[in-house]
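# My questions concern the predicted model and sequence given below.
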Amino acid sequence: MDDTAIKIENLTFFYNSDEEGRAPEDVLSNVSLNIEKGSFIAVLGHNGSGKSTLARHLNALLLPKGGAVTVFGMDTKDEELTLEIRRRVGMVFQNPDNQIVSNVVEEDVAFAPENLGIPTPEIRARVDEALKTVGMYEFRTHAPHLLSGGQKQRIAIAGVLAMRPKCVVFDEPTAMLDPQGRRDVMEIIGRMKNEMGSTVILITHHMEEAAMADTVVVMSDGKIVMDGAPREVFTHVEELESLGLTVPGTVKLMWELRKNGVDVPLGALTVNECANALAAHFQSK
Amino acid sequence: MLKDVTLGQYFPGDTVIHRLDPRTKILMVIIYIAALFNAESWISYGVVLIFLAAAIAISEIRLTAMLKGLKPIVFIVVLTSLLNLFYASGDIIAQWWIFKITREGIKAAILMAARLIMLVMGTFMLTYTTSPIMLTYGLELLLNPLKKIKVPVHELAMMMSMALRLIPTLIEETDKIMSAQKARGAEFDTGNLIQKAKAMLPILVPLFLSSFRRADELATAMEARCYHGGENRTRLNVLKMTRRDMIALILGVLVLAGVIVLARFGL
């Protein structure tokens, strides 16, 4: 119990049926998952696999229709605890434009602590700290709409960090960013896990991003179809491709080589590992 | 193309007037308007005008910016002063057909024009020197007592600041949609008024759709950041009334009192 941040048990969810009375289809069916404190979990899946719906259950934006979600020992169905849950589980969304609430950067970062009724001097301290963490302190009096997408997303992350959450859920945070913005955001996510000890849950369909995680969970049709360390999950190249996911280039290369009779290990994730494995193989010949 | 629209017409600065509490400035504008409508004579108008001129000078707002803002009301000013000019009775100076100009008419026309122009300029002083966020916050605090009679003050203020926040985003979006439609051969600046209005339709429909989606996402994001209404909310920047504000308010009240006293003596 103590090591568990979020516990999902037999979670089932469907959106209420429309007016024509068609039977609602399960968006999530019987999902169970244990997320340990301080871990970094990536949830992979193509569009409509239920990964965003799953994410919205982690901070009580959606409530289970069946089963239960327990966040730091609190049942999300208990409405009295909703705020306590949300201050512990922050969430960063896909579109930075649609999550920024103020015309001034620092006012936006202050939004969550203001909602929590934190005293003014402490809000100031939190805002400054959060802005420094994401490297946007110099922009604190700027207007967000004049910043780039990546900068806006960093502001949105600062806005969540200012709550001092124990766990942060990122729902496709890089989907709308350019490569530079994507790198910046991923670098912050890495630091949050390594330096700040946050629990990180990253919803994505980028294999390269998922490769940074401790555990990868692959979803399809509202079910968890695979989970394990990235190294292990990515070896199931054919299965992943049948789910509409592309494996990282390195893994793909190794897999093609193996298919053509070259005996290299499949578990090479980074470009370096891949190069070393190839060098080792060809030198041994 | 739409990017350079200035909204809220705020001119950032660091003068005494910029630094006044927004609540003070809102109250000052109310006092100023009351004084303006109590002024009846050249002298009392002069007092109010000196007050306005001093404020403009201190705020370092360029007069051209002030005059530019007057453009939309030129028609109203001209119309009301013409009506005042011809409808007053008194010593006739000139007469032509059914039009007659009287001494009282001229005075009424000039004073009415002055009143309208000074009214608009005075309110400009508020919006030119106060950022929209501060203005909203000041209004929220001033209207706070109305919460007792169940007026949703916080909600109204939040709606206003959301609107201010989304205006630049929506302008950008409109720009994007217009470019997309132009790329597919739509024409926006040709044809008569009806044709132009019709051409706007393919812009408005996608704009509305995306606004609804945006509103939904924004509401979710606000909830995720623990928004739960105005209850127990604290602020990053807290407004504090200082001596400066007190002095300004006393000054305003003195001007109002002066104008009322002058009116008593028929001046």
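Okay, I see it. Residues are numbered from 1 along each chain as shown, chains lettered A, B, ... in the order given.

# Every contact and neighbour count from this point should use C-alpha atoms.
OK.

# and the closest residue to chain A within the stretch 1-150 of chain B, what does it touch?
Using C-alpha to the nearest C-alpha, B:Ile133 is the residue of the stretch 1-150 of chain B that sits closest to chain A, at 7.7 Å. In this structure, B:Ile133 makes contact with A:103, B:161, judged by C-alpha atoms under 8 Å, 6 or more residues apart in numbering or on different chains.

# Give me the buried stretch members for the helix or strand containing it, please.
Counting by DSSP states H and E, the element that carries B:Ile133 is helix B:132-143. By neighbour count with 16 or more other C-alpha atoms under 10 Å in any protein chain shown, helix B:132-143 contains the buried residues B:132-142.

# again with stretch B:198-218
When neighbours are counted by 16+ other C-alpha under 10 Å, the buried residues of stretch B:198-218 are found to be B:199, B:203, B:207, B:211, B:214, B:217-218.

# Keep the residues you listed, but drop any that are not near chain A.
The subset of those within reach of chain A, by C-alpha under 8 Å from any C-alpha of the partner chain, is B:214, B:217-218.

# who's in contact with the helix or strand containing A:Arg182?
With elements delineated by DSSP H and E, A:Arg182 resides in helix A:179-194, which encompasses its position. Applying C-alpha under 8 Å, 6+ apart, the contact partners of helix A:179-194 are A:38-40, A:133-134, A:149-151, A:153-154, A:173-174, A:198-200, A:209, A:212.

# quick one: which of the residues you listed sit in helices?
When helices are assigned by DSSP state H, the members of the contacts of helix A:179-194 inside them are A:133, A:149-151, A:153-154, A:209.

# which residues touch the closest residue to B:Ile260 other than its chain neighbours?
Excluding its sequence neighbours, the residue lying closest to B:Ile260 (C-alpha to C-alpha, 6 or more residues apart in numbering or on different chains) is B:Asn38, at 6.3 Å. Neighbour list for B:Asn38: B:259-260, B:263 [criterion: C-alpha under 8 Å, 6+ apart].

# Which of those residues fall in strands?
Among the contacts of B:Asn38, no member is found in strands (DSSP state E).

# Report the buried members of these.
Under a neighbour-count criterion of 16+ other C-alpha under 10 Å, the subset of those counted as buried comprises B:259-260, B:263.

# From chain B, how far off is A:His205?
20 Å (C-alpha to the nearest C-alpha, to the nearest Å).

# do A:Thr53 as well
Separation of A:Thr53 from chain B (C-alpha to the nearest C-alpha): 13 Å.

# how about the strands in the stretch 1-150 of chain A?
Listed in chain order, the strands found in the stretch 1-150 of chain A under DSSP state E, counting those that start in this stretch are A:4-13, A:28-36, A:40-44, A:66-71, A:74-75, A:89-92.

# Report the buried residues of the helix holding A:Arg182.
A:181-182, A:184-186, A:188-190, A:192-193.

# quick check, nearest of those residues to B:Glu104?
A:Gly181 (69.5 Å; C-alpha to C-alpha).

# what does chain A have sitting close to chain B?
Those residues of chain A that sit near chain B, judged by C-alpha under 8 Å from any C-alpha, are A:59, A:61, A:83, A:86-87, A:90-93, A:97-103, A:107, A:110-121, A:123-124, A:145, A:160, A:163.

# Show the buried residues in those.
Among those, those scoring as buried are A:59, A:61, A:83, A:86-87, A:90-93, A:97-103, A:107, A:110-116, A:118, A:120, A:123-124, A:145, A:160, A:163 (criterion: 16+ other C-alpha under 10 Å).

# follow-up on the earlier one: among the residues of chain A next to chain B, which ones are in helices?
Reading helices off the residues of chain A next to chain B with DSSP H, I get A:83, A:86-87, A:107, A:111-115, A:120-121, A:123-124, A:160.

# Now tabulate those residues in TSV and tack on pLDDT.
As requested, these are arranged in TSV below (pLDDT from 0 to 100):
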residue	pLDDT
A:Leu83	91
A:Arg86	94
A:Arg87	92
A:Glu107	90
A:Phe111	93
A:Ala112	94
A:Pro113	94
A:Glu114	93
A:Asn115	93
A:Thr120	92
A:Pro121	93
A:Ile123	94
A:Arg124	94
A:Val160	95
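
# Tell me the one among the residues you listed nearest to A:Pro24.
Comparing these against A:Pro24 with C-alpha to C-alpha places A:Arg86 closest, at 27.8 Å.

# ok, and the closest non-adjacent residue to the closest one?
With C-alpha to C-alpha, 6+ apart as the measure, A:Asn59 is the residue that lies nearest to A:Arg86, at 5.2 Å, once sequence neighbours are left out.

# Domains of chain B: list them as residue ranges, please.
When chain B is parsed with automatic domain parsing, its domains come out as B:16-145+B:240-264, B:146-224.

# ok, how many other residues are close to the residue in the stretch 51-200 of chain B that chain A sits nearest to?
Scanning the stretch 51-200 of chain B for proximity to chain A using C-alpha to the nearest C-alpha identifies B:Arg165 as nearest, at 5.3 Å. The criterion is other C-alpha atoms under 10 Å in any protein chain shown. On that basis, B:Arg165 has 21 neighbouring residues.

# What is the helix or strand it falls within packed up against?
Counting by DSSP H and E, the element that carries B:Arg165 is helix B:153-183. Judged by 3 or more C-alpha pairs under 8 Å, 6 or more residues apart in numbering or on different chains; DSSP states H and E, helix B:153-183 is in contact with helix B:132-143, helix B:193-224.

# Quick check: mean pLDDT of it?
For helix B:153-183, mean pLDDT is 87.

# and B:Gln95, backbone torsions?
The phi and psi values for B:Gln95, taken as degrees, to the nearest 10, are phi -140, psi 140.

# my guess is it meets B:Ile101, correct?
Yes. With the criterion set as C-alpha atoms under 8 Å, B:Gln95 and B:Ile101 qualify as a contacting pair; they are 6.2 Å apart.

# Tell me which of these two has more neighbours.
A count of neighbours by other C-alpha under 10 Å puts B:Ile101 above the other of B:Gln95 and B:Ile101, at 20 against 10.

# partners of that one in the sheet?
Partner residues in beta bridges with B:Ile101, using DSSP bridges, are B:Ala94.

# what's it in contact with, if anything?
Taking C-alpha under 8 Å, 6+ apart as the definition, contacts of B:Ile101 comprise B:85-86, B:92-95.

# Quick one, which of those are buried?
The buried subset of the contacts of B:Ile101 (16+ other C-alpha under 10 Å) comprises B:85-86.

# Using JSON lines, please lay out the contacts of B:Ile101 together with distance to B:Lys176 and pLDDT.
Converted to JSON lines, these look like this (distance: C-alpha to C-alpha, whole Å; pLDDT from 0 to 100):
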{"residue": "B:Leu85", "distance to B:Lys176": "50", "pLDDT": "85"}
{"residue": "B:Phe86", "distance to B:Lys176": "52", "pLDDT": "82"}
{"residue": "B:Ile92", "distance to B:Lys176": "61", "pLDDT": "75"}
{"residue": "B:Ile93", "distance to B:Lys176": "60", "pLDDT": "77"}
{"residue": "B:Ala94", "distance to B:Lys176": "59", "pLDDT": "77"}
{"residue": "B:Gln95", "distance to B:Lys176": "59", "pLDDT": "76"}
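
# what's the average pLDDT for stretch A:36-56?
Along stretch A:36-56, the predicted local confidence has a mean pLDDT of 91.

# Right, I'll leave it there.
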